[in-house]
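*Asks:* sequence first, then the predicted structure:
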Amino acid sequence: MGADTSACQSIIRVKQGIDKILETGGKKLMGAVGDGGDRVQFTEFIEANMQLYSFRNGVPLSTNATAKFIRGELATALRKGPYNANLLVGGLDAGEVSLYYIDYLATLHKMNCAAHGYGALFMYTLFDSEWKPGMSLEEAKALARKCIAEVKLRLVVAPPEFLVKIVDKDGCRVVSLEE
């Protein structure tokens, strides 16, 4: 899972070095994009509630349950005070990797590969041609490098830095895309 590290307002970069990918509950990642306030408030709310669930029940939520909980909270907020936050939730449960696409309208869909934002318009063409089941870490890093290069090439105001994290049997960690 990857994300840019910029906070922007219109065409102005307000802040650099932001981690938009939260490590939630051991072997899960939650990547979020959207307005800074909504993104931060909503992801902190979700993270706190996941910790509360784990504390009360002694068992962490699975990736599937996490995605469904997020979808429910976005659907409830949509009728009261909507969050402008789009999320990707990925994780490893019992040896099975899963990725969920959730948008601000509470649409939930299990995907093999997914992206949000303007860069998604270009990344999906690369996903269609390059992604395959069972990719090695090196193949996935090569695909991530191609996606980032395409975003930097195509967007007029392209983010200068990206952060990439993975989930595997060892947990969550930051991955360098340098060759």
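*Replies:* Noted; the coordinates are in hand. What you see is a predicted model, and the numbers here were worked out from it, not measured in a lab.

*Asks:* who does the spatially most central residue of the chain bridge with?
*Replies:* The residue lying closest to the centre of the chain (C-alpha atoms, centre = their mean) is residue 31, at 2.3 Å. Assessed by DSSP bridges, residue 31 has beta-bridge partners residue 21, residue 88.

*Asks:* next one: residue 8
*Replies:* Under DSSP bridges, the beta-bridge partners of residue 8 are residue 13.

*Asks:* neighbours of it, how many?
*Replies:* 14 (other C-beta atoms under 10 Å). Yep, even glycine has a C-beta here, placed from its N, CA and C like the rest.

*Asks:* enumerate the positions of the helix or strand of the chain with the lowest mean pLDDT that are buried.
*Replies:* The helix or strand of the chain with the lowest confidence, counting by mean pLDDT, DSSP states H and E, is strand 6-9 at a mean of 80. Residues of strand 6-9 classed as buried by neighbour count (16 or more other C-beta atoms under 10 Å): 6, 7.

*Asks:* now do stretch 123-141
*Replies:* Going by neighbour count (16+ other C-beta under 10 Å), the buried part of stretch 123-141 is 123, 126, 127, 130, 140, 141.

*Asks:* wasn't the last one part of a strand?
*Replies:* The one in question is residue 141. No: counting by DSSP: H, G, I helix; E, B strand; the rest coil, one finds residue 141 to be helix, located in no strand.

*Asks:* pLDDT at it, what is it?
*Replies:* Looking at residue 141, its pLDDT stands at 92.

*Asks:* could you show me where the strands are in the chain, in order?
*Replies:* Under the criterion DSSP state E, the chain contains strands at 2-4, 6-9, 12-16, 21-23, 28-34, 85-93, 96-102, 108-111, 162-168, 171-175.

*Asks:* just want the phi and psi numbers for the closest residue to residue 53 other than its chain neighbours.
*Replies:* Computed as C-beta to C-beta, 6 or more residues apart in numbering, the closest residue to residue 53 that is not its neighbour in sequence is residue 61, at 5.8 Å. Main-chain torsions, residue 61, degrees, to the nearest 10: phi -70, psi 140.

*Asks:* isn't residue 24 right next to residue 66, touching?
*Replies:* Yes: using C-beta atoms under 8 Å, residue 24 is in contact with residue 66, at 7.0 Å.

*Asks:* which one of the two has more residues nearby?
*Replies:* A direct count of neighbours by other C-beta under 10 Å for residue 24 and residue 66 places residue 66 higher, at 25 against 22.

*Asks:* how near is that one to residue 128?
*Replies:* The gap separating residue 66 from residue 128 is 27 Å, by C-beta to C-beta, to the nearest Å.

*Asks:* and the nearest residue to residue 14 once chain neighbours are set aside, how far is that from residue 161?
*Replies:* Closest residue to residue 14 apart from its sequence neighbours, by C-beta to C-beta, 6+ apart: residue 7 at 4.8 Å. For residue 7, the distance to residue 161 equals 12 Å [C-beta to C-beta].
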